[in-house]
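In: the sequence and its predicted three-dimensional model are supplied below.
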Amino acid sequence: MDWIKDLKDEFGENEPITFEEIWGVLANYSIQRVYQLLDKAIKENLIVRFENGIYYIPTKTIFGLSKISPEKVLYRKYISNNREIFGYYSGLALKNIYNLTSQVPNTIEIVTNKEASRVREIYVGKQLVRLRKSRIPINRENVKYLSLLDLFTRFNLKELSDYENKILKNIIQENRLTFRDLIKYSYAYPAKTIKNLMTSELNNAFAQ
């Protein structure tokens, strides 16, 4: 099937592909015909349905067709499609990414433009996920600021160790984040967010 090759060339193997992206490759077909082609490809093991609306092109392994992780699907659906950024990890998952905790959360929290509800819990595979609607539309330019503002809102910065303060200072300085831009986005957060920052050791980490 030539369209499978087109999908593989564009998205690669073992990478989540949305139905909308598949339909984009098959733009000359009706939606009914696209589903027919998908069903045929699934029966021939050329493509796998991970869940409703998410597919991937598998590779063959000694154990059968390859599988993809819920984490990869989560990232693709709610955080980034590699062309644009529309979400970020929150809560303990964010602290884990920043190496502020070794605790692996049972529930992965994500703030995303792709969620309309204030908070909603879903399962992706067997992974429990808590989705939160973003306070401000997330994009590549503001995602670092918004994820830090999220962190400043939910965790007491005065309880951080010297090592943890150093980690956050390095993140702020390596990304050349400025206090001016942080304040620009802070209007959507509680007053305690900036107060938390200003009374912590991070208050002078941002460029002016």
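Out: Yep, that arrived. Numbering: from 1, shown residues only.
In: how about the contacts made by the spatially most central residue of the chain?
Out: Centre of the chain computed as the mean C-alpha position; nearest residue by CA atoms, centre = their mean is Ile79, 2.5 Å away. Taking CB atoms under 8 Å, 6 or more residues apart in numbering, we find Ile79 in contact with 85-89, 110, 112. From N, CA and C alone the C-beta is placed, and that goes for glycine too.
In: let me see the domain layout of this structure.
Out: 2-65, 77-198 (automatic domain parsing).
In: I'd like to know which of those is closest to Glu71.
Out: domain 77-198 (7.1 Å; CB to CB).
In: now do the closest one: distance to the chain's middle.
Out: On the basis of CA atoms, centre = their mean, to the nearest Å, domain 77-198 sits 10 Å off its chain's mean C-alpha point.
In: endpoint to endpoint, stretch 42-50 covers what distance?
Out: The first and last residues of stretch 42-50 sit 11 Å apart, counting by CA to CA, to the nearest Å.
In: next one: stretch 150-167
Out: 16 Å.
In: what are the ranges of the helices in this structure?
Out: 2-11, 19-25, 31-43, 70-78, 91-97, 143-154, 162-174, 179-186, 191-198 (DSSP state H).
In: which of these sits most buried?
Out: helix 143-154 (a mean of 21; mean count of other CB atoms under 10 Å).
In: quick check: mean pLDDT across that one?
Out: In this model, helix 143-154 has a mean pLDDT of 95.
In: how about stretch 36-47?
Out: Stretch 36-47 comes out at a mean pLDDT of 94.
In: what lies in contact with that stretch?
Out: 1, 3-4, 7, 22, 26, 29, 48-49, 55-58, 65.
In: check those and tell me the two furthest apart.
Out: So, those by CB to CB: farthest apart are Tyr29 and Leu65, at 25.2 Å.
In: can I get the domains of the chain in JSON lines including distance to Phe206?
Out: JSON lines is the format used below for the domains of the chain (distance: least, CB to CB, whole Å):
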{"stretch": "domain 2-65", "distance to Phe206": "35"}
{"stretch": "domain 77-198", "distance to Phe206": "4"}
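In: of these, which is nearest Ala207?
Out: domain 77-198 (4.6 Å).
In: endpoints of the closest one, how far apart?
Out: 35 Å.
In: same check, this time on stretch 115-134
Out: End-to-end for stretch 115-134, by CA to CA: 8 Å.
In: buried sites along that stretch?
Out: Judged by neighbour count (16 or more other CB atoms under 10 Å), stretch 115-134 contains these buried residues: 115, 124, 129-132, 134.
In: can you put those in JSON lines and add pLDDT and distance to Ile17?
Out: Shown next, in JSON lines, are the buried residues of stretch 115-134 (pLDDT from 0 to 100; distance: CB to CB, whole Å):
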{"residue": "Glu115", "pLDDT": "95", "distance to Ile17": "21"}
{"residue": "Val124", "pLDDT": "91", "distance to Ile17": "15"}
{"residue": "Val129", "pLDDT": "96", "distance to Ile17": "19"}
{"residue": "Arg130", "pLDDT": "96", "distance to Ile17": "25"}
{"residue": "Leu131", "pLDDT": "97", "distance to Ile17": "21"}
{"residue": "Arg132", "pLDDT": "96", "distance to Ile17": "25"}
{"residue": "Ser134", "pLDDT": "96", "distance to Ile17": "24"}
